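Trainee: I would like the atomic coordinates for the input below:
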Amino acid sequence: MGRVTITIDGHPIEVEEGSFVLTATRQLGIDIPTLCHFPYMQPYAACRLCVVEARDGKGWSKIVTACNYPAWEGLIIRTDSDRVLDGRRLNLEMLMSRCARLPVLEELAAQLGIDKPRWGYGEDTCVLCGLCVRVCDEIVGAHAICFTNRGIFREVSTPFNLDSDSCILCGACAMVCPTGHIQMEEVVRPEIGHPDLQLGPNAAISVPTRQAVPNVPRINPDYCIHFKTGGCGICSSVCEKDAINYEDEDAFDEIEVGSVVLATGFKGFDARRIAPYGYGRYPNVYTSLEIEQMINASSPTGGQIVLRDGFVPKSIGIIHCVGSRDEHTNRYCSRVCCMYSLKLAHLVKERTGGEVFNFYIDMRTPGKGYEEFYDKLLKEGVHFIRGRAAEVTEWAMTPEEEGRLVIRAEDTLIGTVRRIPVDMVILSVGLEPQADAEEVGRLFNISCSKEGWFLERHPKLAPVSTFTDGIFLAGACQGPKDIPDSVAQGGAAAAEALVLADRGYVELEPITAYIDEDTCSGCKTCVAMCPFSAISFKVETGKSETNEALCKGCGTCVAACPSGAAQQHLFTDEEIYEEIEGVLTYV
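Mentor: Got it, this is the predicted structure:
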């Protein structure tokens with residue numbers, strides 16, 4: 001469409017022909033009141049508060065609604081004439097006569113100079129602007145709400161005033177409602193349960209986590225209106241780079257690489273495995289990861305520490321080593337539990353002002369500034385009880401324990417069993433290997449420890465290398481470690497991988513195996529026995545052959561070969577006989 005010039009309150013402006021006057025006035029910074037306009041929907045003109053005076057310069061003029069009146073060449077608009085202001089006041093007073101004292105209406109009345117509406121106030125909180133109906137139809141595409149009845153009995157409801165199965169609980173209707181008539185209280189309940197507390201945001205478009213790689217937003221189909229109803233698509237229309245593709249699908253590409261850095265991470269211990277702690281049975285028993293999300297400003301609680309019923313806890317118990325240093329679960333220390341428990345204790349103390357109890361076995365704070373942080377918490381008044389917590393129960397023995405959680409634990413410093421009543425329990429869960437660690441290990445031909453962590457070549461001399469050349473380890477997949485150690489190991493693994501690329505050649509082991517084709521019978525025993533997949537079978541010749549770049553000289557194939565065709569450099573029979581003869585010459 002072409003461009004036309006219109007004049008608004010004496011200011012000429014060039015706009016697209018057919019675009020609406022309200023858009024042009026906003027470009028000039030002129031504020032026109034409206035209750036029924038939303039930029040991504042077709043204009044409706046239900047509230048009629050956006051009236052303006054339209055002229056053609058030849059004496060013709062009329063009152064029109066700015067939100068749906070199109071622009072044409074030579075159009076003259078007045079937004080502040082007496083005729084316009086009187087029309088807005090009349091429309092607003094009639095609207096207020098059927099509505100309660102709503103803040104949005106009183107603000108508009110103050111702007112238009114209405115001290116008291118002539119016909120008083122009504123009782124309804126819905127202004128019948130139609131935004132909720134239109135957003136559900138035009139954007140969401142759910143068609144879950146509509147107008148019912150006519151005349152003075154008109155209202156917004158679900159079809160036939162029945163529960164609508166079409167509603168997807170997106171909350172769009174409540175978001176656009178200008179008066180707050182539509183509430184999502186029954187959907188977004190004040191109670192915060194475990195499913196509500198996830199590590200990442202639950203918006204339809206978000207960055208998965210801070211410092212995500214790549215650090216770009218992604219659409220979650222579980223929350224996106226477009227994937228639920230086929231509607232919306234606003235994000236695609238406003239994206240200037242056309243980066244959104246709803247039809248995109250997951251793809252798997254096979255690429256050849258010279259080195260691999262394994263950084264598969266860890267999984268948190270499932271606190272349900274320790275039934276006496278009550279996780280999953282008591283609503284106010286949370287894991288440390290759930291509290292991490294609750295503290296985050298983007299959490300369902302807005303960063304506040306609250307109980308399931310929305311109240312702030314007055315006493316909090318933090319149990320260390322849940323799933324660590326325990327012969328019934330994991331015997332190893334997870335390394336990070338003590339420090340992040342201290343961090344949570346500090347944040348919880350700061351935000352609630354309540355009493356915080358830490359139940360620990362041994363306080364392990366190795367690291368720069370860690371012990372100093374522990375001392376700081378002691379001065380802040382955080383309580384530390386040395387001893388493993390036995391159970392969390394609701395069984396009350398005293399009036400003080402009624403209606404609260406009770407942590408029963410041994411205090412080894414005073415030699416007695418204590419019962420501490422608290423409002424909230426935080427379980428500091430340990431670190432465990434990923435469930436598919438052994439499968440990944442077999443895929444890359446590396447070993448795992450008995451706990452399931454990937455094994456390095458040497459704990460001191462080669463902490464990021466594995467027994468398979470070109471495969472390096474980074475982060476908690478090799479064992480429990482905190483963020484600084486993970487970052488350092490990640491840099492070391494990247495450096496090791498870059499060394500291979502920068503060098504341009506590969507150093508091979510001098511002691512490798514080879515196959516003598518003259519004596520090879522083609523039994524394939526060596527192929528199955530090789531732990532490094534360095535031996536393959538040639539169908540053309542019916543013989544086995546060795547890839548010396550993969551061979552590590554372990555000698556497994558040499559010992560297993562029934563025909564003696566598999567030999568090892570520097571360990572052939574002739575070489576060994578020569579060595580023996582050389583030694584005997586000095587006897």
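Trainee: where exactly do the helices run in the stretch 251-400 of the chain?
Mentor: Along the stretch 251-400 of the chain, counting by DSSP state H, counting those that start in this stretch, helices occupy 288-295, 337-352, 370-380.
Trainee: what distance separates the last one from the centre of its chain?
Mentor: Remark: helix 370-380 is offset 31 Å from the chain centroid, using Cα atoms, centre = their mean, to the nearest Å.
Trainee: related to what we said a few turns ago, so can I have TSV of the helices of the stretch 251-400 of the chain showing distance to Y282 and mean neighbour count?
Mentor: C-beta coordinates here come from the backbone N, C-alpha and C atoms, glycine included. Listed next are the helices of the stretch 251-400 of the chain as TSV, based on distance: least, Cβ to Cβ, whole Å; neighbours: other Cβ atoms under 10 Å:
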stretch	distance to Y282	mean neighbour count
helix 288-295	13	21
helix 337-352	18	20
helix 370-380	26	13
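Trainee: so Y577 sits in a helix?
Mentor: Yes. According to DSSP: H, G, I helix; E, B strand; the rest coil, Y577 belongs to a helix.
Trainee: circling back: could you dump the helices of the stretch 251-400 of the chain into TSV with mean pLDDT added?
Mentor: Listed next are the helices of the stretch 251-400 of the chain as TSV, based on pLDDT from 0 to 100:
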stretch	mean pLDDT
helix 288-295	89
helix 337-352	94
helix 370-380	94
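Trainee: need the ones you listed in JSON lines with distance to K450, can you?
Mentor: Output for the helices of the stretch 251-400 of the chain, formatted as JSON lines (distance: least, Cβ to Cβ, whole Å):
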{"stretch": "helix 288-295", "distance to K450": "26"}
{"stretch": "helix 337-352", "distance to K450": "21"}
{"stretch": "helix 370-380", "distance to K450": "29"}
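Trainee: okay, the lengthiest helix in the chain in CSV with CA atoms only?
Mentor: In terms of residue count, the longest helix belonging to the chain (DSSP state H) is helix 483-503. Written as CSV, here are the backbone C-alpha positions of helix 483-503 (Å, rounded to 0.1, in the frame of the first residue of the first chain):
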residue,chain,number,x,y,z
ILE,A,483,32.2,-24.9,39.5
PRO,A,484,35.8,-23.6,39.7
ASP,A,485,37.2,-27.1,39.3
SER,A,486,34.8,-27.9,36.4
VAL,A,487,35.8,-24.7,34.6
ALA,A,488,39.5,-25.4,35.1
GLN,A,489,39.1,-29.0,33.9
GLY,A,490,37.1,-27.8,30.9
GLY,A,491,39.9,-25.4,29.9
ALA,A,492,42.4,-28.2,30.3
ALA,A,493,40.4,-30.6,28.1
ALA,A,494,39.9,-27.9,25.5
ALA,A,495,43.7,-27.2,25.5
GLU,A,496,44.4,-31.0,25.1
ALA,A,497,42.0,-31.2,22.1
LEU,A,498,43.6,-28.1,20.5
VAL,A,499,47.1,-29.5,20.9
LEU,A,500,46.1,-32.4,18.6
ALA,A,501,44.7,-30.0,16.0
ASP,A,502,47.6,-27.6,16.2
ARG,A,503,50.3,-30.2,16.0
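Trainee: tell me which residues in that helix are buried?
Mentor: Going by neighbour count (16 or more other Cβ atoms under 10 Å), the buried part of helix 483-503 is 485-486, 489-490, 492-493, 496-497, 500.
Trainee: which of those sits closest to E123?
Mentor: E123 has its nearest neighbour among the buried residues of helix 483-503 in S486, at 61.0 Å by Cβ to Cβ.
Trainee: so who does the closest one touch?
Mentor: Residues in contact with S486 (Cβ atoms under 8 Å, 6 or more residues apart in numbering) are 474-476.
Trainee: and it, how far from L461?
Mentor: Here S486 is placed at a distance of 20 Å from L461 (Cβ to Cβ, to the nearest Å).
Trainee: on the three-state scheme, M184 is what?
Mentor: Following three-state DSSP, M184 is assigned to coil.
Trainee: and the gap between the nearest residue to S299 once chain neighbours are set aside and M184?
Mentor: Spatial nearest neighbour of S299, excluding adjacent residues (Cβ to Cβ, 6 or more residues apart in numbering): Q293 at 5.2 Å. According to Cβ to Cβ, Q293 and M184 sit 20 Å apart.
Trainee: so how far is C337 from the residue nearest to R418 when sequence neighbours are not counted?
Mentor: Once flanking residues are discounted, R418 sits nearest to D411: 5.0 Å by Cβ to Cβ, 6+ apart. For D411, the distance to C337 (Cβ to Cβ) stands at 19 Å.
Trainee: do the same with K481
Mentor: 12 Å.
Trainee: what of L108?
Mentor: 56 Å.
Trainee: ok, and the most crowded of the contacts of S486?
Mentor: Top of those by neighbour number is A476, holding 27 neighbours under the definition other Cβ atoms under 10 Å.
Trainee: am I right that S428 falls within a strand?
Mentor: Yes. Checked against three-state DSSP, S428 lies within a strand.
Trainee: mind jotting down where the strands sit in the stretch 1-150 of the chain?
Mentor: 3-8, 11-16, 51-55, 61-65, 76-78, 146-148 (DSSP state E, counting those that start in this stretch).
Trainee: now the second one and strand 3-8, what's the angle there?
Mentor: Taking axes from the mean of the first three to the mean of the last three Cα atoms, to 10 degrees, strand 11-16 and strand 3-8 form an angle of 150 degrees between their directions.
Trainee: can I get strand 11-16 in PDB, CA atoms only?
Mentor: Extracted C-alpha coordinates of strand 11-16, given in PDB (Å, rounded to 0.1, in the frame of the first residue of the first chain):
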ATOM      1  CA  HIS A  11       1.100  18.100  13.000                       C
ATOM      2  CA  PRO A  12       1.500  16.500   9.500                       C
ATOM      3  CA  ILE A  13       2.600  12.800   9.500                       C
ATOM      4  CA  GLU A  14       3.100  10.300   6.800                       C
ATOM      5  CA  VAL A  15       1.600   6.900   7.300                       C
ATOM      6  CA  GLU A  16       0.600   3.900   5.300                       C
END
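Trainee: okay, now the sheet partners of it, with direction.
Mentor: Sheet neighbours of strand 11-16, with direction, are listed as strand 3-8 (antiparallel) (DSSP bridges).
Trainee: for the partner strand, buried residues please.
Mentor: 4, 6, 8.
Trainee: now the last one. Nearest residue, chain neighbours left out?
Mentor: The shortest distance from I8 to any residue other than its chain neighbours is 4.5 Å, reached at I77 (Cβ to Cβ, 6+ apart).
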